[in-house]
Structure formats: structure tokens, C-alpha cells
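In: I need the structure of the sequence given here:
(one chain, ligands or ions: 1)
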Amino acid sequence: LAYDPEVQIKVDYEKAASRRYPEQVVIALSRDAAGKVDPVAISWAMTASRRPPMIAIAVERTRYFLEAARASRAFVVALPSTAMAMETRFFGTRSGRDMEKLAECPIRTQPAREIGGVIARDALANFECVLESETGAGDHVVLLGRVVASHVNEDEALERLFSLGSGYQLGAVTPRPVG
Ligand SMILES: Cc1cc2nc3c(=O)[nH]c(=O)nc-3n(C[C@H](O)[C@H](O)[C@H](O)COP(=O)(O)O)c2cc1C
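Out: Numbers count the residues shown, from 1 in each chain. Prediction:
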């Protein structure tokens, strides 16, 4: 058997994983036991089911958001626009454990009518989720949310925000169809 010369070089995990960008980022919002809304930036989010609609997010075990989601058994997944980069970075670098992020860094909100708390008015879309189950995944916990309400901002000019690299550089990605 003839082998092609090796082009794929075996490296450590972090080096290979750094090739995955651009990576989506969402804002997840959950209410803690006192009713305070904690917004966080989450890149590790996925569509997990269509019928019924479900979304999974991977939350590091140390996050205050995890406490909040366990207390309220619900969270919102918002798809931020490129205009929300500054706020997304703030929510993704500060902890709600000892601050109210929405007071320090406000975004425009609307009530989340099905689960309480708020949705992000200027996001492309928002999904209100009820916490269905959680699964431990190493240093993260995967929260599976069942979507109980979906919302869109009908402004077609809004562009989704992506994470462009490991340094939390955020930006726009222009689709360029191939094939
Ligand atoms: C672009 C970006 C993506 C992130 N993705 C995740 C993620 O998928 N999971 C996670 O647990 N934290 C993620 N973070 C980090 C959390 O948003 C950050 O630790 C936040 O401050 C946690 O806030 P909390 O302590 O109020 O929960 C991300 C941060 C940024 C800026």
C-alpha cells in the first residue's frame, strides 16, 4: 500500500483546536435565585433537536450563570449582531457573581414572556428555553434547553457576531458560497 506523504501533522489539542475559527457566539441570559439577570457570552452552543426545538450550551463549571440557570431552570439564547460586540465581550469577561452586568453595561431588552427575565431587543433572534437536563462534560456542563418561545428582529441588515480567535476578538463573517 502506498501512502501519501504526511500532510496532517500530529500536534497537541490546543494547537489543532485553534484552527476552528470563526466560531459563533451567542448571549445566554438567565435569572438567579434573587431574580437578577446574568448575561454571558457562549460560543459552545448548538442546535440539538428540531422537534421539539432544543438548544444545548456548554457552560464552564465555575460560571455564575450555571448557578442562575439551575435556580431558575430556564435561560434565553440570543443571537447578537455585530453592533453588540462591545456588550458581548463585557458579558463574556465579567462575572455576575458580584455585579449586575446589565446595570454596568446595558442592552435594550424586552420581557421574556414565557420564562420571565428578558430577551435582547437588538439581537437577530432570541429563544426562550426551559432547562430540560444537564450533562457533565469535563470542565463544562452541557445544559439542554427546550425552546418554548422564539423571537426575531425583522431588521434584515443585522449581521451575526462571531468569535474570530482565541483572544476573544469578535467580528463579522461574510458568507462566500463555494461549490
Ligand atoms: C466570545 C466568548 C465566548 C465564550 N464562550 C463560552 C462558552 O462557550 N462557555 C463558557 O462557559 N464560557 C464562555 N465564555 C466565557 C464567559 O462568557 C465568561 O466567563 C463570563 O464572564 C461568565 O460570567 P458569569 O460568571 O456571570 O457566568 C465566552 C466568552 C467570550 C468572550
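
In: the closest residue to Val59 other than its chain neighbours: how many residues sit nearby?
Out: In space, and not counting its chain neighbours, Val59 is closest to Leu66: 4.9 Å by CB to CB, 6 or more residues apart in numbering. All C-beta spots, glycine's among them, are computed from the backbone N, C-alpha and C. Using other CB atoms under 10 Å, the number of residues around Leu66 comes to 19.

In: surely Leu66 and Val141 touch.
Out: Yes. Using CB atoms under 8 Å, Leu66 is in contact with Val141, at 6.0 Å.

In: residues shared between the contacts of these two?
Out: Residues touching both Leu66 and Val141 by CB atoms under 8 Å, 6 or more residues apart in numbering: 59-60.

In: so for the longest helix anywhere in the chain, what gets flagged as buried?
Out: As assigned by DSSP state H, the longest helix anywhere in the chain is helix 64-72. Buried positions in helix 64-72, judged by neighbour count with 16 or more other CB atoms under 10 Å: 64-66, 68-70, 72.

In: show me which of these neighbour the ligand.
Out: 64-65 (CB under 6 Å from any ligand atom).

In: flag every residue of this structure that's near the ligand.
Out: 25, 38, 40-44, 58-60, 63-65, 89, 92-97, 163, 168.

In: could you look up the SS state of the residue lying closest to Asn126 once chain neighbours are set aside?
Out: Ranked by CB to CB, 6+ apart and with sequence neighbours excluded, the top spatial neighbour of Asn126 is Ile119, at 3.8 Å. Three-state call for Ile119 (DSSP: H, G, I helix; E, B strand; the rest coil): strand.

In: how far away is Ile119 from Leu102?
Out: For Ile119, the distance to Leu102 (CB to CB, to the nearest Å) stands at 12 Å.

In: which one of these two is surrounded by more residues?
Out: Using other CB under 10 Å as the criterion, Ile119 and Leu102 rank with Ile119 on top: 24 against 18.

In: so where do the helices sit in the chain?
Out: 13-17, 64-72, 85-91, 101-104.

In: using TSV, lay out these together with mean pLDDT.
Out: Formatted as TSV, these follow (pLDDT from 0 to 100):
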stretch	mean pLDDT
helix 13-17	97
helix 64-72	98
helix 85-91	98
helix 101-104	98
